[in-house]
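Engineer: Sequence plus predicted model, see below.
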Amino acid sequence: MNTAFTFTVKSIRFDENYLPSSNTRTTTNFANLARGESRQENLRNTLKMMNNRFNDLAHWDNPHGDRYELELEIVSVDIDVEGNGKTFPTIEILKTHIVDRQKNQRIEGIVGNNFSSYVRDYDFSVLLPEHNKNQTQFSVPKNYGVLHGKIFQSFVNSNVYTENFNKQPVICLSVSTTKTYQRTTNEHPILGVEYKQDAYSLTDEYFAKMGLEVRYFMPKNSVAPLAFYFRGDLLSDYSNLELISTISTMETFQRIYRPEIYNANAAAGQYYQPSLNYQDYSLTQIVYDREERSQLAVKQGKFTEAQFIKPYQDILETWATGYAVESTN
C-alpha cells in the first residue's frame, strides 16, 4: 500500500518586520535579506522596489504610479512521513496579494513565485557533487530529482493545497548561465517578449520532474528574460495583475541577487547568454552576501541528508516507486 504523506501549511507575512523562523532555509531570498544590521532597511527597500515595479507594469488608470501595493506571505509546507506528528520542513513559497488603493480592494495574487526546498539543497549541493567527484564528464545520478519532484506534485495535488490556494503555482527564477536564449516574435502584453532555447538546463529538467513546464519572457523595461515554471496555461490561467505580482516580486529579488544579469545597463538582444562575469551593471542599495549563501546551501543539504533522506530512506523509496506522475518533458 502506498500511503500518502501528510502536509501542513503555515504562513507568515513578509514585511519590514519579518524575522526568519528556525525552520527557514537561511539561503532563501527573503531570509537572506532579513539578517544583519541592515535587515530592516533591506526589507523596506526591497518592498519599495517591488511596489514601484508593480505600478510601472500596471500603468493603466494609474496616473501617479501609486495605485497598487503588494503584500507578501511566506508559505511553509511541512511533511509528516510516518503519520506520527513528526514533521520536516519541505517547501517554502511566496503568496502575493495586491492592494488596489483606488478601489480599496485586496486582490489575491499568485502562489509560488520564489521556491525554496531543503531536498533541492541536498540534490544540488550534496548528491550531485558527490556523484561527479571522480568523473571526467559531468552527469546526473539515476533518478535524480525524482523524489523531490514527486513530493512537490503530491503536495500540489493534495486536499491541503486546494483548501489553501485557488490556482496552480507559478515559480519564477533566473535564466541559466549555461544556455543561450533566442528572442522570438511572440509578445505578451504583460509577460513581454518570449525567448526560447534549444536545450533544457539542469534546473529546467529538475522542475519538469515537479510537473512544471517552462517558458522564458522578458517583460517591458526588463533587461533579461525570466524563467516561468507552471502547470496549465501560463498566458490564460492568470489575470494581468496576478502576472504582474509575480514579475515585480521575483524580478526585484533577481536584481538584488544577480545584478550582473537583471540589473545590467544593457538589455538582452536577439541572442542572449546570461553571465555572472558581466561587468556593466548597477548595484542596488541592498546588502547581500552571495558567497555565504552558496556555503549555507551545502550545510543545509547535509542537514537534509541527516534529518530526512537517511532516516526515512526506505519509506521514501517505496513511496516514490508507487507514486505515479506524468513528466512534462
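Structural biologist: Here it is on my side, so go on.
Engineer: What segments of the stretch 101-250 of the chain are strands?
Structural biologist: 105-117, 170-174, 181-188, 192-196, 213-218, 226-230 (DSSP state E, counting those that start in this stretch).
Engineer: Could I get the phi/psi values of residue 315?
Structural biologist: phi -60, psi -40 (degrees, to the nearest 10).
Engineer: tell me the contacts of the residue lying closest to it once chain neighbours are set aside?
Structural biologist: Counting by C-beta to C-beta, 6 or more residues apart in numbering, residue 81 is the residue found nearest to residue 315 once chain neighbours are left out, at 5.7 Å. To be clear about C-beta, it is placed using only N, CA and C from the backbone, and glycine gets the same treatment. By C-beta atoms under 8 Å, 6 or more residues apart in numbering, the residues touching residue 81 are 5, 88, 312, 315-316.
Engineer: Could you identify the most distant pair in those residues?
Structural biologist: 88 and 315 (11.9 Å; C-beta to C-beta).
Engineer: neighbour count winner among these two?
Structural biologist: More crowded of residue 88 and residue 315, by other C-beta atoms under 10 Å: residue 88, with 18 against 13.
Engineer: quick one: least confident helix or strand in this protein?
Structural biologist: Here the helix or strand of the chain ranked lowest by mean pLDDT, DSSP states H and E is helix 29-33, holding a mean of 59.
Engineer: From the contact counts, what lies against the next helix or strand after that one?
Structural biologist: Next helix or strand after helix 29-33 toward the C-terminus (DSSP states H and E): helix 39-57. Applying 3 or more C-beta pairs under 8 Å, 6 or more residues apart in numbering; DSSP states H and E, one finds that helix 39-57 contacts helix 29-33, strand 68-80, helix 240-257.
Engineer: Let me have those in JSON lines, extended by mean neighbour count and distance to residue 224.
Structural biologist: Shown next, in JSON lines, are those (neighbours: other C-beta atoms under 10 Å; distance: least, C-beta to C-beta, whole Å):
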{"stretch": "helix 29-33", "mean neighbour count": "23", "distance to residue 224": "17"}
{"stretch": "strand 68-80", "mean neighbour count": "20", "distance to residue 224": "21"}
{"stretch": "helix 240-257", "mean neighbour count": "24", "distance to residue 224": "8"}
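Engineer: As CSV, these with distance to residue 11 would be great.
Structural biologist: Shown next, in CSV, are the helices and strands packed on helix 39-57 (distance: least, C-beta to C-beta, whole Å):
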stretch, distance to residue 11
helix 29-33, 12
strand 68-80, 5
helix 240-257, 15
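Engineer: Could you identify which of the ones you listed has the lowest mean pLDDT?
Structural biologist: The stretch with the lowest mean pLDDT among the helices and strands packed on helix 39-57 is helix 29-33, at a mean of 59.
Engineer: ok, residues contacting stretch 240-250?
Structural biologist: Outside stretch 240-250, the residues touching it (C-beta under 8 Å, 6+ apart) are 50-51, 53-54, 56-58, 68, 70, 72, 94, 96-98, 107-110, 112-114, 167, 170, 172-173, 189-191, 219, 226, 228.
Engineer: State the helix or strand in which the residue nearest to residue 113 when sequence neighbours are not counted lies.
Structural biologist: Excluding the flanking residues, the one nearest residue 113 by C-beta to C-beta, 6+ apart is residue 94, at 4.0 Å. Assessed by DSSP H and E, residue 94 sits inside strand 88-100.
Engineer: Going by neighbour count, list what's buried in that strand.
Structural biologist: Buried residues in strand 88-100, counting neighbours by 16 or more other C-beta atoms under 10 Å, are found at 88-98, 100.
Engineer: try stretch 205-219
Structural biologist: Buried-residue list, stretch 205-219, by 16+ other C-beta under 10 Å: 205-219.
Engineer: Which of those sits closest to residue 296?
Structural biologist: For these, the nearest to residue 296 is residue 206 (19.6 Å; C-beta to C-beta).
Engineer: Excluding covalently adjacent residues, which one is nearest to the closest one?
Structural biologist: Leaving aside its sequence neighbours, residue 206 sits nearest to residue 145 (C-beta to C-beta, 6+ apart; 4.6 Å).
Engineer: residues in contact with the one you found?
Structural biologist: The contact partners of residue 145, by C-beta under 8 Å, 6+ apart, come to 123, 205-206, 209-210.
Engineer: For it, give me phi and psi.
Structural biologist: Taking degrees, to the nearest 10 as the convention, residue 145 sits at phi 80, psi 0.
Engineer: any idea of the pLDDT on it?
Structural biologist: 93.
Engineer: Which strand or helix spans residue 285?
Structural biologist: Here residue 285 is assigned to no helix or strand, by DSSP H and E.
Engineer: hang on, isn't it packed against residue 45?
Structural biologist: Yes - with contact defined as C-beta atoms under 8 Å, residue 285 reaches residue 45; the gap is 6.0 Å.
Engineer: out of the two, which sits in the busier spot?
Structural biologist: Neighbour totals were compared for residue 285 and residue 45, and residue 45 leads with 19 against 10 (other C-beta under 10 Å).
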